[in-house]
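>>> Any chance you could fold what I've pasted below:
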Amino acid sequence: MRKFGLIGYPLGHSFSKKYFTEKFFKEHICSCSYENFPLTDISQLPNLISEEVDLCGLNVTIPYKSEVTALLDFIDPEAEAIGAVNVIKIKRSGRQTELHGYNSDITGITDSLLPYIKKDLENAIVLGTGGSSKAVCYVLRKFGINVVQISRTKKAGILTYSDVNSELLDKTGLIINTTPLGMFPDVDSKPDLNYDLLGKNHVLFDLVYNPEMTTFLKMGEEKGCTIISGIKMLHSQAEKAWEIWNNNSI
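Presented below is the predicted three-dimensional model:
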């Protein structure tokens, strides 16, 4: 039995186990299982790999997408450029085990945004500075879009929420939430923006997928914004992970 799973902490918000379990059932994949592995510290990963001898691949979620890179034997160049990994392929040969890191968020983000990338879209605001944020910024810059990052605390080259004023929003067509704000069970939380400044010229994309309609998206929709939920990204990056795990050439 080939085993796959998800590491992160906490994992109560995640749909990955449900997604892959249903995939295995629908596609009659009888030789695979998928489990959640809530690690309170990323240093627990080597023990997990050695104890779960049938484990072939892992997804990585909050808060370990960046931290996990230090424990890998190989990192795909795109994932290395971003500094974040959300897919680990476990290669075992006798007593030797190698961990190879990839970033399927790139595929999920690209597939989600592609229908909304127009010629006049020049500027985007990215809320958050974690591993998912790094992947989002990477994709946006590949599209040739200028990125302004927002954090709760002031950092070099990064603005705070209090800096997001009408002048900045007027020249911004896309706002992406990469923070866990609004994620189950804290569904009423949302990024600290002045939503009255949003309008029909704004596209809001939330990487949170549980719930599908977050408060961030709901507030934007009420102001006439185009909204993109995180479900499309979830499905797309999951399928990319499955491809990575089963591609013997990588």
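>>> going forward, measure contacts between C-alpha atoms and count neighbours the same way
Fine.
>>> Looking at the residue nearest to Ile145 when sequence neighbours are not counted now. What's its pLDDT?
Excluding its sequence neighbours, the residue lying closest to Ile145 (C-alpha to C-alpha, 6 or more residues apart in numbering) is Glu122, at 5.0 Å. Predicted confidence (pLDDT) for Glu122: 96.
>>> Next, the contact list for Glu122, please.
Gly144, Ile145, Asn146, Thr172, Gly173 (C-alpha atoms under 8 Å, 6 or more residues apart in numbering).
>>> Just the helices from this structure, written as ranges.
16-26, 45-51, 77-82, 105-113, 131-142, 166-170, 215-222, 231-246 (DSSP state H).
>>> mind putting those helices in TSV, mean pLDDT and distance to Gly182 included?
Output for the helices of the chain, formatted as TSV (pLDDT from 0 to 100; distance: least, C-alpha to C-alpha, whole Å):
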stretch	mean pLDDT	distance to Gly182
helix 16-26	96	18
helix 45-51	97	28
helix 77-82	96	25
helix 105-113	97	19
helix 131-142	94	15
helix 166-170	97	21
helix 215-222	98	6
helix 231-246	96	14
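>>> This structure - how does it break down into domains?
2-103, 106-232 (automatic domain parsing).
>>> Can you say which of those is nearest to Trp242?
For Trp242, the closest of those is domain 2-103, at 8.8 Å, according to C-alpha to C-alpha.
>>> Just checking the distance from stretch 207-221 to the centre of its chain.
In terms of C-alpha atoms, centre = their mean, to the nearest Å, the centre of stretch 207-221 is found 15 Å from the chain centre.
>>> Give me the buried positions along that stretch.
Applying a neighbour-count criterion of 16 or more other C-alpha atoms under 10 Å, one finds 207-217, 219-221 buried in stretch 207-221.
>>> Done for today, thanks.
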